[in-house]
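S.K.: with the input below, show me the fold.
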Amino acid sequence: MKIDRYEASDFDAVVALWEACGLNVPHNDPVQDIARLDEAANAELFVGRDDGKLIGTVIIGHDGHRGWIYRLAIAPEFRRHGHGRALVRYAENWLKNQNIRKSQFMIRDTNEAVKSFYVRLGYEVQPRIVMSRWVENGEEDPPPPTLDVVITHLEMHAAPKRPTVSAPPGRLALLKLEHPTLQFYRYLYDSVGEQWFWWERRQMAGDQLHAVISHPEIDIYVLYIGGEPAGYVEINRQAVPDINIDYFGLMPHFTGRGYGGYFLNWAVDQAWSHEPKRLTVASCSLDDPRGLRTYQKAGFVPYQQTRKTIIDPRALGLIPPHLQPRRV
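M.R.: Alright, predicted model coming up:
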């Protein structure tokens, strides 16, 4: 991959790449972001090319004290070849030439894939609180509605010693999703999570989401009852020796019928078959109130609780406006 400065002729290819990577959201307009760079003396947009094809970008800038990385993107079909690492190192060298000694960035705390990528490059999570406010020119728009959520983090350090839980009555099957399609995955995610305000993956671009669910260390198992999909679990093995249950839930019409406890115990046993040192899961205050009790009954122990404020996903068009969130 060849890395050089952005040229005006790259505009369409850059915007298309950012769209494919899910980086173009209403509050990050690509036209404005690129236009600002023309006026900035302390920021650059670099692009990576493979045989002339634009396959990557990174924006690097500084405030005179610290450097900031933005818009790091690699075309999905060119990932896992070291191109992201090369762009980050190139940006860091640019900072060194500006006599800036520290490089940093901001990501959502739920974005484990990006976090793991930067950890492998030597970056560390630092105990800081980021505070922000939207500042617009002219008359101020009203701030977007928000929701306060509490996240309970749970863990277990050894496989639970208990007898195998018997399957509830009925024709039941558990199948691994070998080659997940976007359509079927979105059906599972939306059907299980809509009532609990699962919104993060609804905003992801198709290519970005497909790259996540197709990762070889992401295991997705679907519970079928009477031949009908009844729920799913997503087991994340990317951060071994820790394993995390990223998503777990049942379709609304299968809840309260005894399947949740059986399915979760099965998922826990499946995760421990990979012999991790720790198994983790998190429960949000917007989730099913029975979920936290079910996790604890399965052997998980709470170890941390965090609070955060999110933009109401109904205001973003990600969740139907008629739904009401569960209150903390």
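S.K.: pretty sure L286 is touching F197, no?
M.R.: Yes. Contact criterion Cβ atoms under 8 Å: L286 and F197 qualify, at 4.5 Å. Placement of C-beta: from N, CA and C, glycine included.
S.K.: need the overlap of contacts for those two.
M.R.: Contact criterion Cβ atoms under 8 Å, 6 or more residues apart in numbering; residues shared by L286 and F197: 147, 325.
S.K.: run through who's touching the helix or strand harbouring L17.
M.R.: Using DSSP states H and E, L17 sits in helix 11-20. Contacts with helix 11-20, where a contact means Cβ under 8 Å, 6+ apart, come from 6, 24, 30-31, 34, 45, 47, 54-57, 71, 73, 75-76, 205, 207-208.
S.K.: can you say which of the residues you listed are buried?
M.R.: 6, 24, 30, 34, 45, 47, 54-57, 71, 73, 75-76, 205, 208 (16 or more other Cβ atoms under 10 Å).
S.K.: pick out the lowest-pLDDT one from these.
M.R.: Scanning those for pLDDT, the low point is N24. It has 80.
S.K.: show me the contacts for that residue.
M.R.: Listed by Cβ under 8 Å, 6+ apart, the contact set of N24 reads 15, 18, 30.
S.K.: a markdown table for those, including distance to D63?
M.R.: Converted to a markdown table, the contacts of N24 look like this (distance: Cβ to Cβ, whole Å):
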| residue | distance to D63 |
| --- | --- |
| V15 | 26 |
| W18 | 23 |
| P30 | 22 |
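S.K.: and the residues you listed, which is closest to Q126?
M.R.: For these, the closest approach to Q126 (Cβ to Cβ) belongs to W18, at 26.7 Å.
S.K.: tell me, how many residues neighbour that closest one?
M.R.: When neighbours are counted by other Cβ atoms under 10 Å, W18 registers 20.
S.K.: where's the nearest residue to it once chain neighbours are set aside, which helix or strand?
M.R.: Sequence neighbours aside, N24 is the residue nearest to W18 in space, at 5.1 Å (criterion: Cβ to Cβ, 6 or more residues apart in numbering). Using DSSP H and E, N24 maps to neither a helix nor a strand.
S.K.: and the gap between N24 and L45?
M.R.: From N24 across to L45, the span is 15 Å (Cβ to Cβ, to the nearest Å).
S.K.: just to revisit the earlier point, right, and the helix or strand after the helix holding L17?
M.R.: Next element after helix 11-20 (DSSP H and E): helix 30-39.
S.K.: mind listing the strands for the stretch 51-200 of the chain?
M.R.: Along the stretch 51-200 of the chain, counting by DSSP state E, counting those that start in this stretch, strands occupy 53-62, 67-74, 103-104, 146-156, 172-176.
S.K.: got those strands as CSV, with distance to Y259 columns?
M.R.: Output for the strands of the stretch 51-200 of the chain, formatted as CSV (distance: least, Cβ to Cβ, whole Å):
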stretch, distance to Y259
strand 53-62, 44
strand 67-74, 40
strand 103-104, 45
strand 146-156, 20
strand 172-176, 8
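S.K.: to E92, which of these lies closest?
M.R.: Going by Cβ to Cβ, the one of the strands of the stretch 51-200 of the chain nearest E92 is strand 103-104, 5.3 Å.
S.K.: and D219, that's in a strand?
M.R.: Yes. Applying DSSP: H, G, I helix; E, B strand; the rest coil, one finds D219 inside a strand.
S.K.: can you pull the contacts of it?
M.R.: Counting by Cβ under 8 Å, 6+ apart, D219 has contacts 176, 234-235, 237, 270.
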